[in-house]
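I'll drop the sequence and a predicted model, then ask my questions.
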Amino acid sequence: MINKKVWLSIALIVCVAGILMFTFLGMHPLMDPDEPVYAETAREMLQFHDFISPRIYGDFWYDKPPMYYWLVAAAFKIFGVGEFSARFPSAFFAVGGSILAYLSGRKLFNERAGLLGALVLATSLEYFYLG
C-alpha cells in the first residue's frame, strides 16, 4: 500500500519533471542529425503503412529497432505530425524515469534519498536535453 507521502512525492516529481520536459516541447525545430531522421522514419511508417521495415527518404533503414519509431508514429497519429509529437515519447519516458528513480531510491535507501535523487535527475541538463 502506497501512503499519502509517497503520492505527494510522486506528484511533486511529475510536476517538476513535467514542466521541464513538456514546456516549449514543440517550439523549436528538430535539432542535431538524429532528431529529424527519427521523426522522418516514423512519418514514413505512417505514410507507407509499414511498421516492420523502417524507411528514411524511401529507402529501407535498419539503424535502430523499430519500437521508438512506433512510439513516435503513435504520437504523430494522436497529436499530428510536428515537433511536439516527435519529442513526446522521449519527454513522457523522461518523466517516467524520474518517477522510477524516486521509487528505486526510496526502496534502496530512504524517502529523502529517493526524492532528492529523482529531482536531481529531472533537473540535470543532459537528462533534460535528451528528454
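Received, thanks. Numbers count the residues shown, from 1 in each chain.

where does pLDDT dip in the chain?
Within the chain, the ranges that satisfy pLDDT under 70 run 1.

any idea which helix or strand comes after the helix ranked longest in the chain?
Longest helix of the chain, by residue count under DSSP state H: helix 83-108. Next in sequence after helix 83-108, counting helices and strands by DSSP states H and E, comes helix 111-122.

if we can go back for a sec, the longest helix of the chain packs against which elements?
Using 3 or more C-beta pairs under 8 Å, 6 or more residues apart in numbering; DSSP states H and E, the elements in contact with helix 83-108 are helix 4-22, helix 34-48, helix 67-79, helix 111-122, helix 125-130. Backbone N, C-alpha and C define where each C-beta goes, glycine included.

middle-most residue in this protein, spatially?
S90 (1.7 Å; C-alpha atoms, centre = their mean).

thought L130 was touching it, still the case?
Yes. In this structure, S90 is within contact of L130 by C-beta atoms under 8 Å, at 6.8 Å.

sorry, back to before: list the contacts for the residue nearest to the residue nearest to the centre of the chain when sequence neighbours are not counted?
Excluding the flanking residues, the one nearest S90 by C-beta to C-beta, 6 or more residues apart in numbering is G131, at 5.6 Å. Under the criterion of C-beta atoms under 8 Å, 6 or more residues apart in numbering, the contact list for G131 reads 17, 20-21, 90-91, 93-95, 97.

residues of the longest helix of the chain that come out buried?
83-95, 97-99, 101-103, 105-106 (16 or more other C-beta atoms under 10 Å).

now swap in stretch 46-65 and tell me
The neighbour-count check on stretch 46-65 (16+ other C-beta under 10 Å) flags 46, 54-55, 61 as buried.

looking at those residues, which are in strands?
For the buried residues of stretch 46-65, the ones inside strands are R55, with DSSP state E as the criterion.

closest to L12 among the buried residues of stretch 46-65?
L46 (36.4 Å; C-beta to C-beta).

excluding chain neighbours, what is closest to that closest one?
L46 sits nearest to A73 (C-beta to C-beta, 6+ apart), 5.3 Å away.
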